[in-house]
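Student: Attaching a predicted model along with its sequence, questions to come.
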Amino acid sequence: MARPVTSQRQEPRSSASILLFVLLIAGCVALFLAPAVIIQPFSYQSPRALMWAMRLRHSAPFWTLLFFAVSLFLCVKQWKRVGKLTKGLLALGLVFGAFATVMSRVDYFEWMFHPLPSPGFQDAESARLDPKQMVMAVRFGNDARAYPIRAMAYHHLVNDVVNGTPVVVTY
């Protein structure tokens, strides 16, 4: 007696669930990454782009949690119906979604830019700065400091003492 041929193809409903899963995980990752891509030092950022980046940054915690919760539900629902490869891809998607969901609640810009606690200085003659290089300057009495913008773009904060006065220089 011949056995009936069974199809390895997924049901259309299952494929739609997996497609929705992929879109939701992509949405989580996009909500986390978009502000970091838009907000970059030394790149032109239109006021409209910055406004959208800040709106995304503000709403991302809610939407990533919602997207991740629905993704998790879809993953659990599909788990027994899919093969090992698809299970592995679903698990990887959940890792990316969980990471994006957590990171949307963290101010990762603070991780990217660390204050410079004790800057080193040279006198103006030996500094070897390009004459076209922009600097930020602070002067109190006879004591003056110049902070190259190129260095400030990475650190954003410098803690210093100028003529006995503690200052925080920021860019």
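Tutor: Sure, I can see it.
Student: The lowest-mean-pLDDT helix or strand in the chain: what's the following helix or strand?
Tutor: Lowest on mean pLDDT, DSSP states H and E among the helices and strands of the chain sits helix 108-112, with a mean of 67. Using DSSP states H and E, the helix or strand that directly follows helix 108-112 along the chain is strand 135-140.
Student: Show me what that following strand pairs with in its sheet, parallel or antiparallel.
Tutor: strand 143-148 (antiparallel) (DSSP bridges).
Student: contact partners of the strand it pairs with?
Tutor: 119, 121, 124, 127, 129, 133-139, 158, 160, 162-163, 169, 171 (CB atoms under 8 Å, 6 or more residues apart in numbering). No exception for glycine: its C-beta is placed from N, CA and C like everyone else's.
Student: what is the mean pLDDT for whatever helix or strand residue 56 lives in?
Tutor: Residue 56 belongs to helix 47-78 when elements are defined using DSSP H and E. Here helix 47-78 scores 94 as its mean pLDDT.
Student: And it, what's buried?
Tutor: 53, 56-57, 60-61, 63-64, 67-68, 71-72, 74-75, 78 (16 or more other CB atoms under 10 Å).
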